[in-house]
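Trainee: With the input below, show me the fold.
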Amino acid sequence: SFLGAPVNAERICSDGKGSYRDYKGGSIYWHPDTGAFEVHGSIKAKWNALGKEKSYLGYPTSDESICSGARFNSFQRGGIY
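Mentor: Numbers count the residues shown, from 1 in each chain. From the prediction side, this is the model:
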């Protein structure tokens, strides 16, 4: 896949609720309430800057998608486009 090879083992998130694994091209985050979704590129960079899962957005609830030419990820309490 475009995520490439893993660069670390699965780790527990800083909030103690979910887990993640980083890959060369992005990350997959998992939470018991949302499931597992990938985050990468500029959206991941913005989410990281906001505080990742501890930010007001929470965990991802979709893989990155395209809508009307824009890329986006949905999160528990919002989205990044």
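
Trainee: so which strand or helix has the spatially closest residue to residue 55 that is not a sequence neighbour?
Mentor: With sequence-adjacent residues excluded and distances taken as C-beta to C-beta, 6 or more residues apart in numbering, residue 55 is closest to residue 47, at 7.0 Å. Where C-beta positions appear, they are placed from N, C-alpha and C, glycine not excepted. Using DSSP states H and E, residue 47 maps to helix 41-50.

Trainee: Packing partners of that helix?
Mentor: In terms of contact count using 3 or more C-beta pairs under 8 Å, 6 or more residues apart in numbering; DSSP states H and E, helix 41-50 is assigned the packing partners strand 26-31, strand 70-75, strand 78-80.

Trainee: Return the set of buried residues in the shortest one.
Mentor: Okay, so that is strand 78-80. Neighbour-count burial for strand 78-80, counted by 16 or more other C-beta atoms under 10 Å, picks out residue 80.

Trainee: That strand packs against which elements?
Mentor: In terms of contacts (3+ C-beta pairs under 8 Å, 6+ apart), strand 78-80 is packed against helix 41-50, strand 70-75.

Trainee: State the mean pLDDT of the first one.
Mentor: In this model, helix 41-50 has an average pLDDT of 96.

Trainee: quick one, it and strand 26-31 angle?
Mentor: With axes from the mean of the first three to the mean of the last three C-alpha atoms, to 10 degrees defining the directions, helix 41-50 sits at 50 degrees from strand 26-31.

Trainee: go on, the last one?
Mentor: Going by the same axes, to 10 degrees, strand 70-75 is angled at 30 degrees with respect to strand 26-31.

Trainee: CA atoms of strand 70-75 as PDB?
Mentor: Included here for strand 70-75 are C-alpha records, laid out as PDB according to Å, rounded to 0.1, in the frame of the first residue of the first chain:
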ATOM      1  CA  ALA A  70     -10.400  18.300  -1.800                       C
ATOM      2  CA  ARG A  71      -8.800  15.800   0.500                       C
ATOM      3  CA  PHE A  72     -10.200  15.200   4.000                       C
ATOM      4  CA  ASN A  73     -10.200  13.000   7.100                       C
ATOM      5  CA  SER A  74     -13.100  12.900   9.500                       C
ATOM      6  CA  PHE A  75     -12.400  12.800  13.200                       C
END
